[in-house]
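K.L.:
let's see this in three dimensions:
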Amino acid sequence: MTDGTASTGEVEVELDIHLAHSARMYDYYLGGTTNFPADREAAGRALAVFPYARTAARANRAFMRRSTRWLAEAGIRQFLDIGTGIPTSPNLHEVAQSVAPDAKVVYADNDPIVLLHAQALLRGTEQGVTAYVQADVREPGDLLEAARAVLDFSRPIALSMNALLHFVPFDAHRITEGLKAELPSGSALVISHVTPDFAPEETARLIQVYTAAGTPVAACTREEFTRFFTGWDLLDPGAVATTRWRPDPDDTEDISDAEASCYGGVALRP
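P.N.:
As a prediction, this is how the structure comes out:
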């Protein structure tokens, strides 16, 4: 790929491949190919100080799959995934629609390279709906307006913000409360967030690498993490390392809390 202007629908975006981007670094951790030398160089610096990055990324994706499957099996048929990142199969819509083919899924992300790969996200079931909007969680009004074109906000919606809120360190709780207020009873909130609780020194160095690359990051303690779910019913086992949230019985990969270094939690609105 080279620099240029790409268009999907009526949206035009400028790509800058010379600056590292967190979504493309994450893609690199997961073994993807949608990344550039700047992303790989920054990811290499991150791995040098936080050798668990690849494992943590896999653990986070597994948490997304388990939480989505559980919510679909519990009857939720609408999903709003903010900060979806670069497509890595199985994506959230694939998990939800494998349980409920009529599920509606809206992906939202502000990264132009995700926009360029939206076609990969849009291949859902014939019975369901899979859509993508370019939107920024820091502008929740615009994001929700776009989501309303697909989702029925009078019926339960599962809002997923996995590995996202640590990239909006100063507004994360305010933004989350604003989004929660728009969701009806029976809705779900799914969040994963990097934490210093399990590997404090490595996490501090990781944050320095991301900040130096132009992407501010903030880790949160368990107490700060549970605040995201205030007023909602946090499901068992509560706020735990992502690998400890309802693990699959046949999952043989042994990942420590330090290697995961993220809290995960799921809550329902009463």
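
K.L.:
just the endpoints, please. Distance across stretch 235-255?
P.N.:
22 Å (C-alpha to C-alpha, to the nearest Å).

K.L.:
so which bits of that stretch are buried?
P.N.:
Across stretch 235-255, burial judged by 16 or more other C-beta atoms under 10 Å covers 235, 238-247, 255. Yep, even glycine has a C-beta here, placed from its N, CA and C like the rest.

K.L.:
can you check stretch 176-186 too?
P.N.:
Applying a neighbour-count criterion of 16+ other C-beta under 10 Å, the buried positions in stretch 176-186 are 176, 179-180, 182-183.

K.L.:
paired strands for the helix or strand containing Ala108, with orientation please.
P.N.:
If you go by DSSP states H and E, Ala108 is part of strand 104-109. In the sheet, strand 104-109 lines up against strand 78-82 (parallel), strand 129-134 (parallel) (DSSP bridges).

K.L.:
so for the longest one, mean pLDDT?
P.N.:
Averaged across strand 129-134, the pLDDT comes to 88.

K.L.:
next structured bit after that strand?
P.N.:
Later in the chain than strand 129-134, the nearest helix or strand by DSSP H and E is helix 140-148.

K.L.:
now the element after that following helix, going C-ward?
P.N.:
Downstream of helix 140-148, the next assigned helix or strand under DSSP H and E is strand 158-162.

K.L.:
pull the residues that contact the next helix or strand after that next one.
P.N.:
Following strand 158-162 in sequence order, the next helix or strand is helix 172-181 (DSSP H and E). If you take C-beta atoms under 8 Å, 6 or more residues apart in numbering as the criterion, helix 172-181 is touched by 137-138, 140, 144, 159, 161, 165-166, 168, 189, 191, 218, 220, 227-228, 230-232, 269.

K.L.:
stretch 128-146 too?
P.N.:
The contact list for stretch 128-146 (C-beta under 8 Å, 6+ apart) reads 11, 13, 82-84, 93, 96-97, 100-110, 112, 114-115, 118, 121-124, 147, 149-150, 153, 161, 164, 168, 171, 175, 178-179, 182.

K.L.:
quick one: buried residues of it?
P.N.:
For stretch 128-146, a neighbour-count test (16+ other C-beta under 10 Å) marks 128-135, 137, 140, 143-144, 146 as buried.

K.L.:
one more: stretch 154-167?
P.N.:
By neighbour count with 16+ other C-beta under 10 Å, stretch 154-167 contains the buried residues 156-167.

K.L.:
got any ranges where this structure has weak pLDDT?
P.N.:
Where the chain drops to pLDDT under 70, the residues are 1-15, 118-125, 252.

K.L.:
so which residue is dead centre in it?
P.N.:
Of all residues in the chain, the one closest to the mean position by C-alpha atoms, centre = their mean is Asn162, 2.8 Å from it.
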